[in-house]
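> Got a predicted model here, sequence first, then my questions.
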Amino acid sequence: MTDIPLDTMAGAVARPRRDIGLKARYAAERRFRIYGVIAISVGLAFLAIMLITIVSKGYTAFWQTTVTLPISFDEKVIDPSGKRATDPSVLIKANYPKLADTALMAKLGIDPSNKPMVMKLKGFLSEGARVQLRDIVAADPSVIGTTRDVNILAAANLDSAFKGQIDLSVDEARRKVSNQQIDWMNKLKADGVMAEHFNTGLFTYGASSRPETSGMGVAIIGSFYMMVIVLLLALPIGVAASIYLEEFAKKNRFTDLIEVNINNLAAVPSIVFGLLGLAVFINFLGMPRSAAFVGGLVLTLMTLPTIIIATRAALAAVPPSIRSAALGLGASKMQMVFQHILPLAAPGILTGTIIGLARALGETAPLLLIGMVAFVADYPKTPFDPATALPVQIYMWANEAERAFVERMSGAIIILLVFLMAMNITAIVLRRRFERRW
Amino acid sequence: MSSLLVLAIVIAIGVVAFVIGRQRATAHETGKVKPHSRAHYHGWWAFLLAVLPAVLLLAVWDIGSSVYLDRHIHAALPERTVDSKVASEALDASLVKSLAKGLRRLDAGTPLPATFAELQPLLIAKGVALASDTQDYMIPIAVEANTVQDRLGLFGAVLTLALSIAGAFYALRQIAPRARARNNVERLMLWGLLAASTIAILTTVGIVLSMLFQTITFFESVSPMSFFFGTVWDPRFAAAGSGGSQGQFGLIPLLAGTLYIAAVALLVAVPVGLMSAVYMAEYASPKVRAVVKPALELLAGIPTIVYGIFAVVTLGPFLRDLSAALTGGSPFIQGQSIFTAGLVMGVMLIPVVSSLSDDIITAVPRAMRDGSLGLGATRSETIKRVILPAALPGIVGAILLTASRAIGETMIVVLAAGVAANLTANPFEAMTTITVKIVNQLTGDLEFNSPQTLVAFALGLTLFVLTLVMNIVALYIVRKYREQYE
């Protein structure tokens, strides 16, 4: 050990530190970091606000107010002249709303001869009651003459009032529900006759001009057809194209042309594919407008680049040693690809396909151009019948003025987002579970 | 015989050929000579030879016979007077065709009435509704057309089936231990793979050609000069001729709106996206990254229609009320405005910018980062003075790609930007874009050959070319940059 003289140490300590602006630099560092945090928070905050507003507006759409009424299927109203055995159309044309109104008046204790009160009852029950009761009678004509409890849909305005969405402090003349109707509503609510039920109609009804009887049934079927078509066409074609480009193609002009094309198509605006569909599939080839089949074809062309890019990445990730081993054991190149490479790349391909399908499911713009903005009330039986799609249905409801349609629209967005999230989570889980790092 | 039935029979023949072929080849496997190909390859070869040529013939025959039938009907129609238009002869031909189709629905053996008036109730009873201007003289032509079609169809079916059977027999006779069935099958597979990969080219060609033809038709009625340099967009009165067609399909206001909104969107998306990417790549702990990254990806997975509805239902009214509250009276931000649309589109583009620049930032070699840190630079100095300059070309490429997304984006602007074609510099007013006008011109009732509809294709072509140029430049820059460090 060497003793250091104390006085030299003291001299070293006493020397003042050179100022190299460290404080300012560290402050700059901290600021920079904070910018980063702010940037990420902005993105996440926006996501949160968007989801919260949509869910808070839309969750009520999953409930629908109904009035449970003992409907007496009076023969005098349905079939006054007793012709139904010979002329079944009587059952279609009968005055069913009268049955519902009579039952409601009995429930509320209104005298049917009191005209002003009866007039106020107008717009309490949904116009859809006609269809509801007609379907019951048409399914089983023997109900005529009997009494049965039926859940009649309340009109959209009453539905909103029941859910507390209408501001009752507003002057009566300026809102769509009268005080008398509110009183009746509260009376029925106290009796337990008027209540909210899970809204199955949102999933089953087709297009309608009345919010309470409109639903996404047609849109769900249309979207389903399109997804099946996209899957059946885009997956095999995309995989085949990727195999060719990744495993067989020689490096030449033609291959370059294909690659440039694929990369470009991935970045072409989706609406351009809609123009292509309109000009080629509908005008030139004469396919039907509004059909899910044409929509499926357009979305296939749009999804192909996504699937090809994902598949090529998955194929390229399979290590060359597998290829060499297969070829070394005497497999032909085709056998190597289809029996060894493709199974190993399958999880990656599947993930890419699901992500591509999710994007196709949420795509709206090209479908607007091929006429899928259509008022379709009946379920499409084949992909060649007129149909709509989920996002298009949302767009159509967004253009409606009534408040109740905004509620349905938000509900539809929730359903669409749930579908998309399920697909994306499946893709992530698949990737986590099956992805191999070589 | 319908084509579908023929197709089904052909496939059935193919399946039979496959089974027989595989059986025969299996018999060879126990022989003295070692077979060249496994048995199922012989089966597949038989299947392919039985099906492929036959299906090709069927397709060609169907197209050919429909063309022939068209000619036949046109020839059979009586000569029209000179002053009648060609379009109405095409109309007559289509009337005959639908009449012929309707006649097929009648029960066999029904005596055919000579006049259309007598025929119509019969057809309606079968659920066939025909245009009432069908003429009496068309009935014999339709009957004749049907017989010709039947004859052609039968002939085609016989030919197809014969070809299919011949193919199957040829393949089955070829089966021998040394026959190279596998090579044959694999060569065909390779052609199939090649065909699949040319679909990308076909799509591009389809896009360009379809839009080009409609655009040329459009330019026959509106001059390109007034389209590209016109400053007034007012398509409705072009047909009425009020003020002529000059300047009424002006692209300028739409292009200005498109670029303005895209610029606002980029102003939001680029700083936020870039900073998030930098933070994620350089600062975030693995835990934070595991949560934030999927959340940002979620932002990318939300359909654009949802953003658009958020803009028009929530954000637009909110900003309008906010501005009204600020000035204490009339709002200076409109419900639909450039600002609202641009803001929401910017948020939509954040994940696009951040994921593209994340790739580029992580591609900067480790050594450059370590060198800078080792010389005593702080992290932020390293990022600002070393990493970002090194990544700059890639980031420019990423911004170009994002800009092309912003220009082509449709649903947000359809809902949030408005439909009035203004030329304004005020970001709080409504402006419209190219994509909005394409949607407007092509939805609803439309007559296809009017300039009002065709202009959508001219707009589409403009949009396509615009984004194509940006994409090519961007992809070129990105690729060039990536090669630099690989």
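Arrived safely, thanks for sending.
> Rounded mean pLDDT for the helix or strand containing residue B:209, please.
Assigned by DSSP states H and E, residue B:209 belongs to helix B:181-221. Averaging pLDDT along helix B:181-221 gives 90.
> what's the next secondary structure element after that helix?
Scanning forward in sequence from helix B:181-221 by DSSP H and E, the next helix or strand is helix B:224-229.
> hmm, back to that, helices or strands next to the helix holding residue B:209 in the packing?
When contacts are defined as 3 or more Cβ pairs under 8 Å, 6 or more residues apart in numbering or on different chains; DSSP states H and E, helix B:181-221 sits against helix A:217-243, helix A:253-267, helix A:270-276, helix A:292-317, helix A:333-336, helix B:39-76, helix B:451-485. Placement of C-beta: from N, CA and C, glycine included.
> touching chain A at all, the longest one?
The one in question is helix B:39-76. No. Using Cβ under 8 Å from any Cβ of the partner chain, helix B:39-76 never reaches chain A; the gap is at least 10.1 Å.
> tell me the mean pLDDT over that helix?
Helix B:39-76 shows a mean pLDDT of 88.
> For the helix or strand following it, buried residues please.
Where DSSP H and E defines the elements, the next helix or strand beyond helix B:39-76 is helix B:86-103. Neighbour counts over helix B:86-103 (16 or more other Cβ atoms under 10 Å in any protein chain shown) mark B:92, B:93, B:95, B:96, B:97, B:99, B:100, B:102, B:103 as buried.
> Excluding residues flanking it in the chain, which one is nearest the first one?
Read that as residue B:92. Using Cβ to Cβ, 6 or more residues apart in numbering or on different chains and skipping the chain neighbours, the partner closest in space to residue B:92 is residue B:77 (5.6 Å).
> Strands along the stretch 101-250 of chain A, start to end?
A:147-153, A:194-198 (DSSP state E, counting those that start in this stretch).
> shouldn't residue B:212 be in contact with residue B:461?
Yes. Contact criterion Cβ atoms under 8 Å: residue B:212 and residue B:461 qualify, at 6.7 Å.
> The two: which has the busier surroundings?
Taking neighbours as other Cβ atoms under 10 Å in any protein chain shown, residue B:212 and residue B:461 compare with residue B:461 leading, 21 against 15.
> Skipping adjacent residues, who's closest to the more buried one in space?
Nearest to residue B:461 is residue B:211, by Cβ to Cβ, 6+ apart, at 4.3 Å.
> Repeat that for residue B:218.
Leaving aside its sequence neighbours, residue B:218 sits nearest to residue B:454 (Cβ to Cβ, 6+ apart; 3.8 Å).
> Enumerate every residue touching the one you found.
By Cβ atoms under 8 Å, 6 or more residues apart in numbering or on different chains, residue B:454 lies in contact with B:214, B:215, B:217, B:218, B:221.
> I'd like to know which of those residues are buried.
Among the contacts of residue B:454, the ones that count as buried (16+ other Cβ under 10 Å) are B:214, B:215, B:218.
> burial count for the residue nearest to residue B:461?
24.
> Now for it: which residues touch it?
Residue B:211 neighbours (Cβ under 8 Å, 6+ apart): A:272, A:275, A:276, A:279, B:457, B:458, B:460, B:461, B:464.
> Now a PyMOL select for only the buried ones of these.
Command for PyMOL that selects the buried part of the contacts of residue B:211, burial taken from 16+ other Cβ under 10 Å:
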select buried, (chain A and resi 272+275+276+279) or (chain B and resi 457+458+460+461+464)
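> how close does residue A:130 get to residue A:176?
21 Å (Cβ to Cβ, to the nearest Å).
> and the nearest residue to residue A:219 once chain neighbours are set aside, what does it touch?
Spatially, and ignoring its direct neighbours in sequence, residue A:219 is nearest to residue A:393 (3.8 Å; Cβ to Cβ, 6+ apart). With Cβ under 8 Å, 6+ apart as the criterion, the residues that contact residue A:393 are A:216, A:218, A:219, A:412.
> Let me have the residues you listed in a markdown table, extended by neighbour count, pLDDT and distance to residue B:258.
Formatted as a markdown table, these follow (neighbours: other Cβ atoms under 10 Å in any protein chain shown; pLDDT from 0 to 100; distance: Cβ to Cβ, whole Å):
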| residue | neighbour count | pLDDT | distance to residue B:258 |
| --- | --- | --- | --- |
| A:216 | 27 | 89 | 32 |
| A:218 | 27 | 91 | 33 |
| A:219 | 27 | 92 | 30 |
| A:412 | 27 | 92 | 29 |
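> and of those residues, the nearest to chain B?
residue A:412 (9.9 Å; Cβ to the nearest Cβ).
> Any regions of chain A where pLDDT drops low?
A:1-14, A:437-438 (pLDDT under 70).
> Please repeat the previous calculation with a cut-off of 50.
Scanning chain A with the threshold set as pLDDT under 50 gives A:1.
> okay, now the residue of it at minimum distance from chain B: neighbour count?
Closest to chain B within chain A is residue A:269: 2.4 Å, counting by Cβ to the nearest Cβ. By other Cβ under 10 Å, the residues close to residue A:269 number 25.
> Excluding chain neighbours, give the residue nearest to it in space.
Nearest to residue A:269 is residue B:408, by Cβ to Cβ, 6+ apart, at 2.4 Å.
> any idea how chain B splits into domains?
Using automatic domain parsing, the domain ranges for chain B come out as B:3-179, B:235-485.
> weakest of those domains by average pLDDT?
When I compare those, domain B:3-179 is least confident, with a mean of 82.
> Could you work out the end-to-end span of it for me?
34 Å (Cα to Cα, to the nearest Å).
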